[in-house]
Every structure is written in C-alpha cells, then in structure tokens.
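Chemist: Let me see the structure of the following:
(2 chains)
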Number of protein chains: 2
Amino acid sequence: MAVQEIRLEDLDPQAFIEEKVAEISSAVEGLAINALSGGVDSSVVTMLGHRALGKDLKTYFIENGLMRQDESREIVSTFADLGVPVEVLDAQDRFFGALKGVTDPEAKREAITQTFYRDVFGRLVRQSGARYLLQGTNYTDVEETVAGIKRQHNILEQLGIDTQRQYGYKVIEPIVQLRKSGVRAVGKALGLPERIYRRPPFPGPALAARVIGEVTRERVATVRAATKVVEEELSGTGAFQYMAILHEDRVTGIRDGKRDFGLQIEVRCWESKDALAGRPTRLPFDLLERLSQRITAEVPGVVSVTYNIASKPPSTIEAV
Amino acid sequence: MAVQEIRLEDLDPQAFIEEKVAEISSAVEGLAINALSGGVDSSVVTMLGHRALGKDLKTYFIENGLMRQDESREIVSTFADLGVPVEVLDAQDRFFGALKGVTDPEAKREAITQTFYRDVFGRLVRQSGARYLLQGTNYTDVEETVAGIKRQHNILEQLGIDTQRQYGYKVIEPIVQLRKSGVRAVGKALGLPERIYRRPPFPGPALAARVIGEVTRERVATVRAATKVVEEELSGTGAFQYMAILHEDRVTGIRDGKRDFGLQIEVRCWESKDALAGRPTRLPFDLLERLSQRITAEVPGVVSVTYNIASKPPSTIEAV
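Modeler: As a prediction, this is how the structure comes out:
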C-alpha cells in the first residue's frame, strides 16, 4: 500500500475530520475497538472513532506497567470530561513477563508488540466481538519503518503483516497520511485540550524504550522517577521532545564519603520539526545542573547524569 | 603511617626540592628505579630522583597499550631534552592478557596493579638489582584510598601492603604530603616544561579507566581516538580535567538512512581545585556540538555523545 502524505499546508482540519468520520462509519460493521495511550496520535483517533461510531467504539487504556507516573488516571479523567468512556485494563504482569531477560532493543519492541496485539488486544477483541481496530499510525512511522530505522509497534500492515489472518481483526489507520504537526492541528480542531494536542511524542513501548538492558518493574520505577523530574523541569522549554534514559552501565560515584557503584541517567531534549532530524536543545547550565541535582537527589541509586549533545543523524531520538 | 599534608600556602618549592633530594640520596643504597607515566606526579618524582641519584636512577616508561596517542614518544623526547634518559618497555601483551574478560572496575584496577607491580615492575627490579622504587603517590590519593572511594594503584603502603616482602623492593613516595597544586608548583621549580607541570590529571589505569566493561585493544583504540578529539577541543578551556569515556551500553543510531546500533561516548569536563569536589564546566553549546560532530565523524562506530552534568559528589571524576 502506497500512502499519500497530506502536508500541513494542504490540510483543512475540519474537512479532514468530516472525511475520516465518514470513512470510519462506512468501513466499520458492528463494534470497533481501539487502544488509547494518551499521546496525540491515539487521542485523535479516539475522538474520530467516537464521533463516527459513538458507543460502538470500545476504547481501552492498557496499563502495561510502562507508563509515566499517574498517566492512566489522568488520561481516563481527561476523556471522561470529553464524554468518551475509557476502560482501563491492567496487563502489567503480562508485559513484565514477556520482557523478562530480554535485553536486545528489537527483541524488547517485539515482546511488547506481541504481548499487545496477540495476547492482550487479541483477547479483548475476541471477547468484545469487534473485528475492527482503530490505530494511530502516522506518516513518519511509515517512513521510518519502511527505511528500517525503527520498527513501530503500530505499523503492521506496512510490513505486509495480515492482522486479520494473524490476529483476527482488521486495522484502520485514520491519520496515516499526516505527520505530527498535522495530527496536532486535527487534535485542536477536535476540541482536545491543549496539553494533549501539544503533548511531546512518547514512544509506543513507553518507558521500556527508556531503559537500556532488561526492563524490570524496578528499573521502570527508576526511569519513571527520573522522567517525572525531566518533564517537570523541561515542559516549559517548548522543546520537541525530552526524556530520561536509564543506562545499564554502572559508574563510580560517592555517597556519604564512600564509594557507590551506581546508576547513570541520560537526559535528551530535542529541537525538531518532525522527528526526522533533530539537534539538542541549548539548555542553560543552571537548568542542566538543577536537573542533575534533582535526579541524583530524588531517584534512588543514581550517582551520575549526562545530557545528550549529538544530533539526529547519526543519533536517533530514542536510545532503544 | 600518618601522612602530614603540606598545604600550598606553606610550601617553599625550592626548600622542598632540596629536602626531598637529600632524603632520597640518604635512603637509597645502590640502584633505584621508577616508572614515568608523563603525568605531573611521576614527572616530578623522576626529576627529584634524577637530581638525587643521577645514573643510579633507572627510569622506565611502561608501554601498557593503555596510553594516549603518541604519548610514549612525546614523553621520552621531553625527558631527553631535560637530560633524563627514559627506557621504554613494551608490556602491552601482558596488560591486555590480564584484562581479558574483566569487566568489574575494581577487578580492572587490580589486574593493572598486579600486572604492573608483580609482573612487569617486579621483573624489572629483579633484573636491575634495584631495591628501591620511587613513586608519585600524592596526598589526595591517600585520602581517597583510605576513605574507600577509589583504590589508587600507587598506594600500596597506605593499605598495609608490604612491598618489600610481596614484591621485593621498598617504595619511596617523595610527594605524598602534597596535593596536586603543590606538585605543580614543585614541578615548575624543577624546570619541567609548562605542558607537563600544568598537565591535567590522568588516571593510573590510563585509558582502561575510560572504558566501561571489558578493556580490549579495539575498545582502547576507540576511546583513544575520542580522547584525542576531546583534548584538542578542550585543552584551551583551562578546565581541571577533561575526558572521553566509552560506554558498554549500545544505543540506536542511523547511518546512511539505516538503523545502526552503535557506541556512545560520554564527555566529562571538570571544574575543580583538588579533585575532592567538582562541577561540570559550562562549555558553550557551539563547542559541545562540535565535540559531538567530530567524535561521531572521526571515531568509527560512535553514533551518540553525551556531556556529563553531575557534580562530585555524588559523581566521581572518573567513571570507572
């Protein structure tokens, strides 16, 4: 399938919404289902699907144990205010079980993909009777997956994977022609709150993409606490994306006058238009030192903090 | 043995030199031996020993394969200009053999210590007939070793290790009462070139201290190439110390449009008086980005570069 991009300057958000709502209405027979992560992509798809299908759309928030602090509660509450019911499904044990002992980045993404689609979502669809899945794949996902840079978890069809045969449902991708800037414009036109349509990108594998090496509950808790600090300190910068990454490498530190072989957190903060290229935000050193002081003080075990100074390419936005 | 510090403000470099030259002369019977690394500590000890003993001091540069680019050639040439003969001993195979498969930082330091003292140096002393070893231990080394923060390779006596019994020679430490600033003042008074008496500290385990994980010839070559860039770019900053560290963690990158699971180099640049406390130098972002661009372009396999933003404590100056 060749996907045709709709550029931001050619996008009429209201016309786009009407067209997609009509397409979803006519494509779906019976129930459809979708997973809401709280990012702008899945939030826009949830709104489009809700307009098209009303209560024939079942929206789930999958609690995979890999989300940020308080994320599930905040998302459910935000969508309740918009009149969209969201059901939370606790699947933490399944995800951590699938991730146990896995250290290779591709294998981690694969474990999350398989757990999400085959185990958790396949089961939900079978239980619900829905045969349609709405997904927030966007145009950059398609490009990067086709180029082999990264495998997005929501890009199965572009890779020639037949979800209907393999998983039992058909995938509909309403925003696959848009880049992030277009999705944000549609989100605003749909009446989503600004904190959602302006929200920095967050990866499909969530905090698992922020852990180098094995993803355990304890290590996710560490990177979650560091992420909270980074988001609090950097949300005011207007940067494209910012993140905390927990390294597997241990480095020497000192606590209470004694040697402490501890953890290192890497902070990245990106200037980018579309994630295809990027450079580090030139943060003031007062802010960089405050980040480091807070992270080493507030996140148990961390003795060292770095700031990424590479550009994309040759770096990528995410480390995993 | 309780060591009494001589503070910089109480130090008379010329009087100190005369006193230490006299002490060394009266302590040594027959031949003495010392290892010159090219750092200010071992350079000062070499000059003091040479003044005290003349040709009864045998000075060796141990080529351990862990030094920076062109380091052995430059050091031998500098000391030849000062009238001090230095013999180069190629012991690379022994060091890499001892480091094979070793990943724990303490075990790496121990492997280097044992190779240096027992194997390479013990052998040299036995062959030379010398029973005295001159060493550049300074006051900060003593403090940090006693505190258990880091084990310096040149601090055996402070740990209650009897080198005479274990290795067959007696250790003399002429600068053990001085911190780095005092050693530099004595180096200047001894007529050492400024590039030596002002030289930033470099760790005993050399580039092995800059490699997280196993130390191999290939990994040392990687960190050596990154170190060259860092030293070229940061030598003009006046910073206390600056370094490149090769991580074991791999991160995702992109080369020629394809995913490249590559290496990450961490850069540290410290403001410090005495290495007991330190904070990151507030380098301009133009310089940080140039560092990153040069390292990713010039060092094969590197796709990502970070700058350390933590203070000591809780960080330490070195990562390993």
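Chemist: And the helices in the stretch 201-320 of chain A, which stretches?
Modeler: A:217-234, A:285-298 (DSSP state H, counting those that start in this stretch).
Chemist: Just name the most buried of those helices.
Modeler: helix A:217-234 (a mean of 20; mean count of other Cβ atoms under 10 Å in any protein chain shown). Glycine gets a C-beta too; all of them are placed from N, C-alpha and C.
Chemist: close to chain B, is it?
Modeler: No - judged by Cβ under 8 Å from any Cβ of the partner chain, helix A:217-234 stays clear of chain B, getting no closer than 12.0 Å.
Chemist: residues in contact with that helix?
Modeler: A:65-66, A:68-69, A:92, A:96, A:207-208, A:210-211, A:213, A:242-246, A:263, A:265, A:267, A:269, A:283, A:287, A:290-291, A:294-295, A:298-302 (Cβ atoms under 8 Å, 6 or more residues apart in numbering or on different chains).
Chemist: and if you look at stretch A:130-138?
Modeler: Counting by Cβ under 8 Å, 6+ apart, A:24, A:27-34, A:37, A:39, A:41-42, A:44-46, A:48-49, A:57-58, A:121, A:125, A:152, A:154-155, A:158, A:163, A:168-176, A:178-180, A:183 sit against stretch A:130-138.
Chemist: so the spatially closest residue to A:Ala32 that is not a sequence neighbour bridges to which residues?
Modeler: Nearest residue to A:Ala32, sequence neighbours excluded (Cβ to Cβ, 6 or more residues apart in numbering or on different chains): A:Tyr132, at 3.9 Å. With DSSP bridges as the criterion, A:Tyr132 is bridged to A:Ala32, A:Lys170.
Chemist: Going along the chain, name the strands of the stretch 101-250 of chain A.
Modeler: A:132-134, A:170-172, A:241-246 (DSSP state E, counting those that start in this stretch).
Chemist: tell me the mean pLDDT over the last one?
Modeler: Across strand A:241-246, the average pLDDT comes to 96.
Chemist: Any regions of the stretch 101-250 of chain A where pLDDT drops low?
Modeler: A:148-168 (pLDDT under 70).
Chemist: at 50 instead, please
Modeler: A:153-155, A:158-159 (pLDDT under 50).
Chemist: re earlier: A:Gly278 is nearest to which of the helices of the stretch 201-320 of chain A?
Modeler: helix A:217-234 (14.6 Å; Cβ to Cβ).
Chemist: and that closest one, how far from the chain's centre?
Modeler: 15 Å (Cα atoms, centre = their mean, to the nearest Å).
Chemist: Run the angle between that helix and helix A:285-298 for me.
Modeler: Here helix A:217-234 points in a direction 150 degrees away from that of helix A:285-298 (axes from the mean of the first three to the mean of the last three Cα atoms, to 10 degrees).
Chemist: Dump helix A:217-234 to PDB, keeping only the CA atoms.
Modeler: The C-alpha coordinates for helix A:217-234 follow below in PDB (Å, rounded to 0.1, in the frame of the first residue of the first chain):
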ATOM      1  CA  ARG A 217       9.500  -3.300  37.400                       C
ATOM      2  CA  GLU A 218      12.300  -1.900  39.500                       C
ATOM      3  CA  ARG A 219      14.200  -0.400  36.500                       C
ATOM      4  CA  VAL A 220      11.000   1.100  35.100                       C
ATOM      5  CA  ALA A 221      10.300   2.700  38.500                       C
ATOM      6  CA  THR A 222      13.800   4.300  38.400                       C
ATOM      7  CA  VAL A 223      13.300   5.700  34.900                       C
ATOM      8  CA  ARG A 224       9.700   6.800  35.800                       C
ATOM      9  CA  ALA A 225      11.000   8.900  38.700                       C
ATOM     10  CA  ALA A 226      13.700  10.400  36.500                       C
ATOM     11  CA  THR A 227      11.100  11.100  33.800                       C
ATOM     12  CA  LYS A 228       9.000  13.000  36.200                       C
ATOM     13  CA  VAL A 229      11.800  15.300  37.100                       C
ATOM     14  CA  VAL A 230      12.800  15.800  33.400                       C
ATOM     15  CA  GLU A 231       9.200  16.600  32.400                       C
ATOM     16  CA  GLU A 232       8.700  19.000  35.300                       C
ATOM     17  CA  GLU A 233      11.900  20.900  34.500                       C
ATOM     18  CA  LEU A 234      11.700  20.800  30.700                       C
END
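Chemist: Around chain B, which positions in the stretch 151-300 of chain A sit nearby?
Modeler: Counting by Cβ under 8 Å from any Cβ, the stretch 151-300 of chain A sits next to chain B at A:212-213, A:247-255, A:257-262, A:266-267, A:279-280, A:282, A:285, A:288-289, A:291-293, A:296.
Chemist: I'd like the strands of the stretch 101-250 of chain A as JSON lines, with mean neighbour count and distance to B:Gln14 appended.
Modeler: Below are the strands of the stretch 101-250 of chain A laid out as JSON lines (neighbours: other Cβ atoms under 10 Å in any protein chain shown; distance: least, Cβ to Cβ, whole Å):
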{"stretch": "strand A:132-134", "mean neighbour count": "25", "distance to B:Gln14": "83"}
{"stretch": "strand A:170-172", "mean neighbour count": "20", "distance to B:Gln14": "83"}
{"stretch": "strand A:241-246", "mean neighbour count": "24", "distance to B:Gln14": "53"}
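Chemist: Please produce CSV containing these, extended by distance to A:Pro13.
Modeler: Putting these into CSV (distance: least, Cβ to Cβ, whole Å) gives the following:
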stretch, distance to A:Pro13
strand A:132-134, 18
strand A:170-172, 19
strand A:241-246, 23
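Chemist: Please, which helix or strand holds A:Leu89?
Modeler: strand A:86-90 (DSSP states H and E).
Chemist: Just give me the neighbour total for the residue of chain A found nearest chain B.
Modeler: Residue nearest to chain B within chain A: A:Thr306 (3.6 Å; Cβ to the nearest Cβ). Using other Cβ atoms under 10 Å in any protein chain shown, A:Thr306 is surrounded by 28 other residues.
Chemist: and the closest residue to A:Asp119 other than its chain neighbours, what is it in contact with?
Modeler: Distances taken as Cβ to Cβ, 6+ apart place A:Arg94 nearest to A:Asp119, at 5.8 Å, with adjacent residues excluded. A:Arg94 makes contacts with A:Thr115, A:Asp119, A:Val120, as judged by Cβ under 8 Å, 6+ apart.
Chemist: ok, 10 Å please
Modeler: When contacts are counted by Cβ atoms under 10 Å, 6 or more residues apart in numbering or on different chains, A:Arg94 touches A:Ile62, A:Asn64, A:Gly65, A:Thr115, A:Phe116, A:Asp119, A:Val120, A:Arg123.
Chemist: cool, A:Ile245 as well?
Modeler: A:207, A:209-212, A:223, A:226-227, A:230, A:264-268, A:306, A:308, A:318-320, B:249, B:251, B:306.
Chemist: Just the buried ones from those?
Modeler: Among those, the ones that count as buried by 16 or more other Cβ atoms under 10 Å in any protein chain shown are A:207, A:209-212, A:223, A:226-227, A:230, A:264-268, A:306, A:308, A:318-320, B:249, B:251, B:306.
Chemist: okay if I get the helices of the stretch 201-320 of chain A as a markdown table plus distance to A:Lys188?
Modeler: Formatted as a markdown table, these follow (distance: least, Cβ to Cβ, whole Å):
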| stretch | distance to A:Lys188 |
| --- | --- |
| helix A:217-234 | 21 |
| helix A:285-298 | 29 |
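Chemist: Indicate which one of these is closest to A:Glu5.
Modeler: helix A:217-234 (29.8 Å).
Chemist: Specify the angle between that closest one and strand A:241-246 in degrees.
Modeler: Using the same axes, to 10 degrees: helix A:217-234 against strand A:241-246 is 150 degrees.
Chemist: If any of the contacts of stretch A:130-138 are buried, put those into a PyMOL selection.
Modeler: With 16+ other Cβ under 10 Å as the burial test, the buried ones among these are selected in PyMOL as follows:
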select buried, chain A and resi 24+28+31+32+33+34+37+39+41+42+44+45+46+48+49+57+58+121+125+152+154+155+158+163+168+169+170+171+172+173+174+175+176+178+179+180+183
